[in-house]
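**Q** Here you go, sequence then predicted model.
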Amino acid sequence: MSERRWNWLVLPLLAAFAASFIPALLTFVLLSFHPSAGVAAVKPEWTLGNYTRVLSDPLYLTALGRTLLLGLLTVLGTLVAGFPLAYLIVRFPSRFALGLFTLLYVTSLTSIVIRGLGWITLLGTNGPLNRLLVGSGLLASPVPFMGNVYGTSIAMIHYMLPFMVLTLIPVVQTIDPALEEAAAGLGASFARTARSVIIPLALPGIVAGSLLVFAMTIGAFVIPRMIGGTTMYLMSLLIDQQMLTTFNYAIGATLSCILLVLVIGIVASANLVLQHGSYRR
Amino acid sequence: MDTVADGVILATRDLSKRYGDTVAVAAVDLAIEEGEFVTLLGPSGCGKTTTLRLIAGYVEPSGGQVLLDGADVTHAPPQRRNMGMVFQSYALFPHMTVYDNLAFALQIRKWPREKIRARVREMLELVRLPQIERRYPSQLSGGQQQRVALARALIFNPRILLMDEALGALDVKLREHMQTEIKRIQQQLRITTIHVTHDQEEALGMSDRVVVMSQGRIVQVDTPKVLYEQPRTAYVADFVGKVNLFRARVVASGAGDTLLELTDDYLVTDVPRRVIAARTTDLATGTPVQVGVRPEYLEIRRQPASENCVAGRVESVKFIGPLQYFTLQVADDRSVLAIDPAKGEAAAEVLYACWAPEKTLVLPE
């Protein structure tokens, strides 16, 4: 089929997309530029006051910082745990690796609330994790995992791991095993091979997986609420509060736009970096 | 454990590899000498590539040993075997320039930057690709990639060079050119080389010795000339060159020659079944054997001789310039190929193909 016919086929999809997504997007973008008029309403005049208020208020700024930190920690955690996992699954497709993969996949089908509850049990001050850390002598006293970004990131890493691994597997599959053998024959240890050959070639997948995990994490709601509690503020939780509790649509929309711009900015710059290096392949 | 003989760089002792019930390699004993160019030759699945990978360290053997300069490296990882390998797909790092590909091994060995630069230039000169340092593998032709792969394998002065069907991906003309190039480089560096191929012309043309393999085992190891003139089995005779095979029986075996008799049924019956082989075989009377004659030693005649002849109906005559390929049907299901300069025989219905006793090969059943 020629290129032009393909374009026509996409039209219905684009139309559906445009009809549902664009108006919603436009609505809250527009809302953010009007001052609040009390419960679930905005005044007709335009203003930048919402943005100045949000971006100068330490409450919102720490929430923003905390959101980015959660995203970063989760990305790092899923990479550190996920890359070796993906590599094992691809390079050693034994029943063991297949079992690992199935385990991962099945976990991802479990309800997020149930998984959240599981983590609440595990992360408590007297929970199994703390008892292991203190009991084995690694820590002097238990660390508070609940109610902060660190415990939340642990549970988020668990939740996001399948996404990272599933994104990495196809990319690792494209790496010719002969390249690793060649590196070994030239004298490279496995660590050196990983650093010089495997990771650079897997970079597109690493970036794609990281972006996916990051974007999903900074919009995440359930786990941060369950683990972080009501005192840990993240952008997503604040947006929920503004829209559904305080009914301050103006601020809610503003926060949403800031979040949106953030995600777009990070994705766009990552893609730029990727394209710059991709001509070598 | 006894030591290896002097001059032997690489030895394998009873090397074997099994995958479950399948035997990939069995009882492989090799002794490769300094500076030799040895080829492992055989069809796909004969175990030649597995043997090479066992030597290189990419596969753990099920049994046996690999000895490099007398030291047991059987379980050493490839990193520590100091062997340079050229893969069939070249395996050049696609995200690195030619320079970085070549410098890789030296950077691992912590060579100073200036020495690396000089050595990379030196290797590119050696493979006759002086200006391509900054290019990426995807920007090179197949022949260029191959030469870079060769340079990369040699740059750190390995003890042996291993090549796994390295010429497989090239077209015929380039292949022949590279065969000459590789041989030139090998001789210039005097580096011991083990080459794997299924192309018997390549093996014969480049090697000091050839190891013919079949079904995981070594069948014969000899110089190309000896392999061609004195194949030990019908398999070798047929794999290295072409051969016509006839079932026969030993009639008498003496000093200097052997008398045999052809045992199969043939279409043309007025041909004597006597065969004389001008070699001592020491086989008992009645032993079943195969008599082999290479096509180029068959002379086409209109009348049979008193021995060493077969006859057949002319199936086809192919004219190839100075020579003709005669295919004669000697039995219901058998044909014989004769390559002979004879002209003007195409009109005949039945022709005789005869050969000299010195060219008779006596091979096991």
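**A** On my side now, so go ahead. Numbers count the residues shown, from 1 in each chain, chains lettered A, B, ... in the order given.
**Q** Where does pLDDT dip in the stretch 251-365 of chain B?
**A** Per-residue confidence for the stretch 251-365 of chain B (pLDDT under 70) gives these ranges: B:342-347.
**Q** And the strands in it, which stretches?
**A** Secondary structure of the stretch 251-365 of chain B by DSSP state E, counting those that start in this stretch: the strands cover B:258-262, B:274-277, B:288-293, B:299-301, B:309-320, B:323-331, B:334-340, B:350-354, B:361-364.
**Q** Point out the other elements, helices or strands, that the longest one touches.
**A** It refers to strand B:309-320. strand B:323-331, strand B:334-340, strand B:350-354 (3 or more C-beta pairs under 8 Å, 6 or more residues apart in numbering or on different chains; DSSP states H and E). In this view, the C-beta of every residue, glycine as well, is placed from N, C-alpha and C.
**Q** so it versus strand B:288-293, what angle?
**A** Per axes from the mean of the first three to the mean of the last three C-alpha atoms, to 10 degrees, the angle that strand B:309-320 makes with strand B:288-293 is 40 degrees.
**Q** With respect to B:Glu176, which of the helices and strands packed on strand B:309-320 lies nearest?
**A** strand B:323-331 (21.0 Å; C-beta to C-beta).
**Q** could I get the closest one in CSV with only the CA atoms?
**A** These are the backbone C-alpha positions of strand B:323-331, laid out as CSV (Å, rounded to 0.1, in the frame of the first residue of the first chain):
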residue,chain,number,x,y,z
LEU,B,323,38.0,-30.0,-21.7
GLN,B,324,34.8,-31.9,-22.0
TYR,B,325,32.7,-33.3,-19.2
PHE,B,326,31.4,-36.7,-20.1
THR,B,327,28.6,-38.2,-18.0
LEU,B,328,28.3,-41.9,-18.7
GLN,B,329,25.5,-44.0,-17.3
VAL,B,330,27.1,-47.2,-16.1
ALA,B,331,24.2,-48.7,-14.2
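**Q** Quick check: buried residues in it?
**A** Buried residues in strand B:323-331, counted by 16 or more other C-beta atoms under 10 Å in any protein chain shown: B:324, B:326-330.
**Q** So what are the sheet partners of that strand and their directions?
**A** strand B:309-320 (antiparallel), strand B:334-340 (antiparallel) (DSSP bridges).
**Q** so that strand versus strand B:258-262, what angle?
**A** 60 degrees.
**Q** contacting residues around strand B:323-331?
**A** B:264-268, B:295, B:298, B:300, B:310-318, B:335-343, B:345, B:351, B:353 (C-beta atoms under 8 Å, 6 or more residues apart in numbering or on different chains).
**Q** got it, and stretch A:188-200?
**A** By C-beta under 8 Å, 6+ apart, stretch A:188-200 touches A:83, A:87, A:172, A:175, A:179-180, A:183-184, A:206, B:79, B:93, B:95, B:104, B:108.
**Q** got it, and stretch B:33-44?
**A** B:7-9, B:30, B:32, B:48, B:51-52, B:183, B:186, B:190-198, B:200, B:202-203, B:206-214, B:239-240.
**Q** rerun that using 6 Å as the cut-off
**A** With contact meaning C-beta atoms under 6 Å, 6 or more residues apart in numbering or on different chains, stretch B:33-44 is reached by B:7-9, B:32, B:48, B:186, B:190, B:192-196, B:198, B:203, B:207-214.
**Q** pretty sure A:Val80 is in a strand, no?
**A** No. Membership of A:Val80 in a strand is not supported by DSSP: H, G, I helix; E, B strand; the rest coil, which gives helix.
**Q** where does it land on pLDDT?
**A** Each residue has a pLDDT score; the one for A:Val80 is 96.
**Q** Next: A:Arg281.
**A** A:Arg281 is given a pLDDT of 46.
**Q** Stretch B:13-23 vs chain A: in contact?
**A** No. Stretch B:13-23 does not reach chain A (C-beta under 6 Å from any C-beta of the partner chain); its nearest approach is 13.6 Å.
**Q** Next, count neighbours for the closest residue to A:Leu123 other than its chain neighbours.
**A** With C-beta to C-beta, 6 or more residues apart in numbering or on different chains as the criterion, A:Leu123 has its nearest non-adjacent residue at 3.9 Å, and that residue is A:Phe145. Neighbourhood size, A:Phe145 [other C-beta atoms under 10 Å in any protein chain shown]: 23.
**Q** three-state assignment of A:Phe145?
**A** Assignment for A:Phe145 (three-state DSSP): coil.
**Q** and residue 261, how many neighbours does it have?
**A** Using chain A. Neighbour number of A:Val261 under other C-beta under 10 Å is 11.
**Q** Wait, chain B was what I had in mind.
**A** 15.
**Q** Also A:Ala140?
**A** 8.
**Q** circling back to that earlier point, out of the helices and strands packed on strand B:309-320, which comes closest to B:Asp257?
**A** Closest among the helices and strands packed on strand B:309-320, using C-beta to C-beta: strand B:350-354, at 16.6 Å.
**Q** quick one: strands adjacent to the closest one?
**A** strand B:299-301 (antiparallel), strand B:309-320 (antiparallel).
**Q** ok, and what's touching the longest one?
**A** Just to be clear, that refers to strand B:309-320. B:268, B:271, B:324-330, B:335-336, B:346, B:350-354.
**Q** what's the burial count for residue 83?
**A** Using chain A here. A:Phe83: 21 neighbours (other C-beta under 10 Å).
**Q** looking at chain B here, not the other one
**A** Quick note: B:Met83 (other C-beta under 10 Å) scores 22 neighbours.
**Q** need the contact list for it.
**A** B:56, B:158, B:160, B:162.
**Q** just checking, the second one is part of a helix?
**A** No. B:Pro158 is assigned coil when assessed by three-state DSSP, not a helix.
**Q** Which residue, other than its chain neighbours, is closest to it?
**A** B:Gly84 (3.7 Å).
**Q** Spell out the secondary structure type for the one you found.
**A** B:Gly84 ends up strand, using three-state DSSP.
**Q** mind listing the helices for chain B?
**A** B:48-56, B:98-108, B:113-126, B:142-154, B:172-189, B:200-206, B:224-229, B:234-239 (DSSP state H).
**Q** got it, and the stretch 51-200 of chain A?
**A** A:58-91, A:95-109, A:112-123, A:128-135, A:149-173, A:177-185, A:190-193, A:199-218 (DSSP state H, counting those that start in this stretch).
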